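In: 3D model of this:
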Amino acid sequence: MRRRILVIVALYASQMMFLADSPAHQAGLQTADWVVIAAYFVVLAGTGAYFAWRAKAKGVGSANDYFTGGHTMPVWAVAFSILATAQSAATFTGVPQQAYDGNLAYLATNLGGLIAVSILATVFIPAYYRQRVTTPYQLLETRFGPGAKQAAGWAYLVGRVFASGSRVFIGAVPVAMAMFGDVEPGHMAIAIAAFMVFGIVYTLAGGITSVIWTDVVQVAVYVGAAAVGVALLASKVSVPWSEVFDAWRTAGPDGSSKLSILPSGLTPSGSFDWSSEINLPTILTGFVLITLASHGTDQDLVQRMLTCRSAAKGSWSVISGLLVGIPTVALFLVWGLLLWVYFRRPDMMGITSIQAPSNSNKLVMDFVLGELPRVASGAAGLMICGVMAAGPAGINSGLNSMASTFVADMYRPRVRARDEAHYIRVSRLAVVVFGLILGGFALLCIKWFSGSGQSIIGFVLGVMNFAYAGLLGVFIVALFTSRGSAASVIAALCTGAAVVAALRPEIWAWWTTLAGFGGDWTTFRLAWPWQLVAGTVAATLVCAIPKQPR
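Out: Below is the predicted model of the structure:
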């Protein structure tokens with residue numbers, strides 16, 4: 001026990017020393033910045049040590065308690081944990097980029113989320129509580145048999161490697177910039193390794209209870225950092241706000257308004273742009289489906305809802321998580337708009353000239369490291385803490401949910417009649433193994449993202465589709481029909497992944513050329529929401545083919 005606390009403290013102390021000798025230090029961080037960073041690491045180290053002590057003192061009665069917190073978590077804490085898991089580092093760096101390059105359309109995606117959580121609260125979550133499951137895939141065993149549960153569990157694990165691994169990669173980008181001043185592959189590898197070590201140690205400290213309470217702290221830090229960024233930039237505006245709004249109204253793509261919230265998806269010529277990720281049709285289809293999949297079939301988020309005392313509280317937690325997320329997303333979008341003013345219209349902030357970032361993927365960290373130390377003492381330190389807070393939240397939850405799925409759905413059915421201490425040891429070993437796998441996939445994303453041509457948000461959401469399409473199709477059949485079988489579940493999972501893969505731009509160009517289509521077909525790009533729609537429809541149809549015997 002004492003060793004675990006010392007390890008947590010030592011990890012954060014080593015991170016502090018690493019930052020002190022990094023380009024973040026050389027970028028002009030002031031004493032106040034380092035005081036803020038040091039305070040952040042003290043809080044995190046203390047939080048980790050406290051939950052390690054609490055878990056030991058309280059005693060974990062069973063692996064089920066380790067993964068569900070004994071169904072004792074308050075709704076508000078679960079809601080903030082859901083928010084932290086759903087957003088991660090991609091929100092901190094990617095959402096401001098959405099407003100900087102485009103407009104406020106990303107805020108409207110919450111409309112699809114609201115539709116989805118109403119379905120989750122009335123159908124999905126009550127079904128999980130009725131079945132008293134630890135993972136959602138145990139429900140599939142009741143409907144289709146153990147083969148379906150096993151297949152869905154493995155599909156989730158593969159999909160979670162893609163989803164969490166890509167988030168680790170995105171989170172490592174600003175950390176590498178803070179540590180080394182660049183995103184060279186070797187430096188990215190070190191940042192990824194640092195993320196994974198912290199994520200593994202924190203997850204091992206005290207199960208899902210530790211993860212949820214740590215998420216609450218992390219949300220407060222990264223949302224607070226964004227609020228400070230907005231306040232500082234707003235205070236620097238030296239012209240009437242009416243002029244700023246006038247500038248935003250004509251500075252969007254093709255001269256459109258950056259304040260646009262609900263784009264139609266139509267091009268200037270009147271045709272529909274199938275490569276557009278955010279528009280009214282994709283919000284009402286793809287964004288509804290991805291929220292249903294992530295919050296209803298993904299153990300990473302479902303696990304949080306299962307820590308509440310009842311189905312009603314679990315349902316309210318997912319609704320609350322989305323409602324809290326709306327103003328959070330709005331805050332980051334406003335930050336992106338103000339960063340556009342700072343870099344593109346510096347005259348409105350009384351600045352004679354400034355070098356705008358050449359790559360908007362690094363927008364936030366270029367501002368934090370290059371400009372913020374000159375704007376306000378201590379603010380840059382808080383921003384670095386915000387970046388680091390947004391990253392580990394998704395890692396901790398991903399590792400815990402992957403371990404819980406492996407133990408509950410794969411290991412325990414095969415290795416029976418062992419005491420609970422045995423299953424907890426296996427759970428903790430699984431956390432370490434999956435941590436190494438996630439880190440490996442994050443390394444692969446270094447090359448994948450550079451050639452994808454996607455935004456940060458688009459890349460992270462797009463890679464989730466490989467598992468989500470099949471899983472969502474299977475759960476739609478399980479919860480809304482009386483059809484399907486274990487064999488059709490397996491076929492549906494494979495079909496969903498295959499359809500999404502075939503529609504990915506990097507695969508589409510290859511197979512359309514091979515098939516001899518040529519011309520515009522080889523350069524056709526289908527946005528990731530449509531890939532999810534196609535994959536989910538195909539998986540649902542395949543899963544529903546067989547009738548269940550009466």
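
In: Just after the helix or strand harbouring S81, pick out the following helix or strand.
Out: Assigned by DSSP states H and E, S81 belongs to helix 75-101. Downstream of helix 75-101, the first helix or strand assigned by DSSP H and E is helix 105-119.

In: one step back: now find how far off-centre the helix holding S81 is within its chain.
Out: In terms of CA atoms, centre = their mean, to the nearest Å, the centre of helix 75-101 is set 7 Å apart from its chain centre.

In: So which bits of it are buried?
Out: 75, 77-101 (16 or more other CB atoms under 10 Å). In this view, the C-beta of every residue, glycine as well, is placed from N, C-alpha and C.

In: do the same with stretch 221-239
Out: Neighbour count says stretch 221-239 has 221-223, 225-230, 232-233, 236-237 buried, by 16+ other CB under 10 Å.

In: now swap in stretch 309-319 and tell me
Out: 311, 313-319.

In: Skip the chain neighbours and tell me the closest residue to V288.
Out: Of all residues not flanking V288 in the chain, G112 sits nearest, at 4.3 Å (CB to CB, 6 or more residues apart in numbering).

In: pretty sure that neighbour contacts P281?
Out: No - with contact defined as CB atoms under 8 Å, G112 does not reach P281; the gap is 10.5 Å.

In: which one of the two has more residues nearby?
Out: G112 (23 against 15; other CB atoms under 10 Å).

In: For the more buried one, give its distance to P240.
Out: 36 Å (CB to CB, to the nearest Å).

In: buried ones in the helix or strand where V463 lies?
Out: Element membership for V463, per DSSP H and E: helix 456-480. Using 16+ other CB under 10 Å as the burial criterion, the residues of helix 456-480 that qualify are 456-478.

In: and what of stretch 139-153?
Out: 139-141, 143-144, 148-153.

In: ditto for stretch 264-277
Out: Those would be 265, 273, 276-277, for stretch 264-277 by 16+ other CB under 10 Å.

In: Kindly check the end-to-end length of it for me.
Out: 11 Å (CA to CA, to the nearest Å).

In: ok, and what's touching it?
Out: 254, 263, 279-282, 455, 458, 524-530 (CB atoms under 8 Å, 6 or more residues apart in numbering).

In: Let's see that with 7 Å instead.
Out: 254, 279-281, 458, 525-530 (CB atoms under 7 Å, 6 or more residues apart in numbering).

In: before we move on, what about stretch 219-232?
Out: 40, 80, 83-84, 92, 328, 331-332, 334-335, 338, 375-376, 379, 382-383, 385-386, 389-390.

In: quick one: low-confidence ranges for the stretch 201-350 of the chain?
Out: Residue ranges of the stretch 201-350 of the chain with pLDDT under 70: 202, 205-210.

In: That one: helices as residue ranges?
Out: 241-248, 280-283, 286-296, 299-305, 311-344 (DSSP state H, counting those that start in this stretch).

In: Including distance to A539, could those go into CSV?
Out: Below are the helices of the stretch 201-350 of the chain laid out as CSV (distance: least, CB to CB, whole Å):
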stretch, distance to A539
helix 241-248, 41
helix 280-283, 19
helix 286-296, 11
helix 299-305, 18
helix 311-344, 23
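
In: among those, which is the most enclosed?
Out: Neighbour counts (mean count of other CB atoms under 10 Å) averaged over each of the helices of the stretch 201-350 of the chain peak at helix 299-305, with a mean of 27.

In: how much distance is there from that one to the middle of the chain?
Out: Remark: helix 299-305 is offset 13 Å from the chain centroid, using CA atoms, centre = their mean.

In: again with stretch 135-149
Out: With CA atoms, centre = their mean as the basis, stretch 135-149 stands 26 Å off its chain's centre.

In: I'd like to know the average pLDDT value across that stretch.
Out: Here stretch 135-149 scores 90 as its mean pLDDT.

In: what comes into contact with it?
Out: 127-128, 131, 133, 152-153, 156, 297, 299, 302, 404-405, 408-409, 413, 474, 478, 484-486, 489.

In: Give me the buried subset of the contacts of stretch 264-277.
Out: 279-280, 458, 525, 527-530.

In: if I look at S404, how far off is E141?
Out: 15 Å.

In: make that F367, sorry
Out: Taking CB to CB, one finds F367 at 50 Å from E141.

In: With I457 instead?
Out: Taking CB to CB, one finds I457 at 35 Å from E141.

In: Now intersect the buried ones among the contacts of stretch 264-277 with the strands, please.
Out: Among the buried ones among the contacts of stretch 264-277, no residue falls in strands (DSSP state E).

In: Just give me the least confident of these.
Out: Out of the buried ones among the contacts of stretch 264-277, that is G458, at 80.

In: picking that back up, now the buried residues of stretch 221-239 in JSON lines, with distance to S164?
Out: Formatted as JSON lines, those follow (distance: CB to CB, whole Å):
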{"residue": "V221", "distance to S164": "20"}
{"residue": "Y222", "distance to S164": "17"}
{"residue": "V223", "distance to S164": "21"}
{"residue": "A225", "distance to S164": "22"}
{"residue": "A226", "distance to S164": "22"}
{"residue": "A227", "distance to S164": "27"}
{"residue": "V228", "distance to S164": "28"}
{"residue": "G229", "distance to S164": "26"}
{"residue": "V230", "distance to S164": "28"}
{"residue": "L232", "distance to S164": "32"}
{"residue": "L233", "distance to S164": "32"}
{"residue": "K236", "distance to S164": "37"}
{"residue": "V237", "distance to S164": "38"}
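
In: The residue lying closest to A509 once chain neighbours are set aside: what's it in contact with?
Out: Nearest non-adjacent residue to A509, counting by CB to CB, 6+ apart: T522, 5.0 Å away. T522 makes contact with 509, 512-513, according to CB under 7 Å, 6+ apart.

In: Equivalent analysis for T513, please.
Out: T522.

In: And it, how far from T522?
Out: Counting by CB to CB - T513 and T522 are separated by 5 Å.

In: Same question for V500.
Out: 19 Å.

In: Now do the same for L29: its pLDDT.
Out: Taking L29 on its own, its pLDDT is 63.

In: what's the answer for the one 10 residues further on, then?
Out: In this model, A39 is scored at 84, pLDDT.

In: Count the residues that sit near it.
Out: 13.
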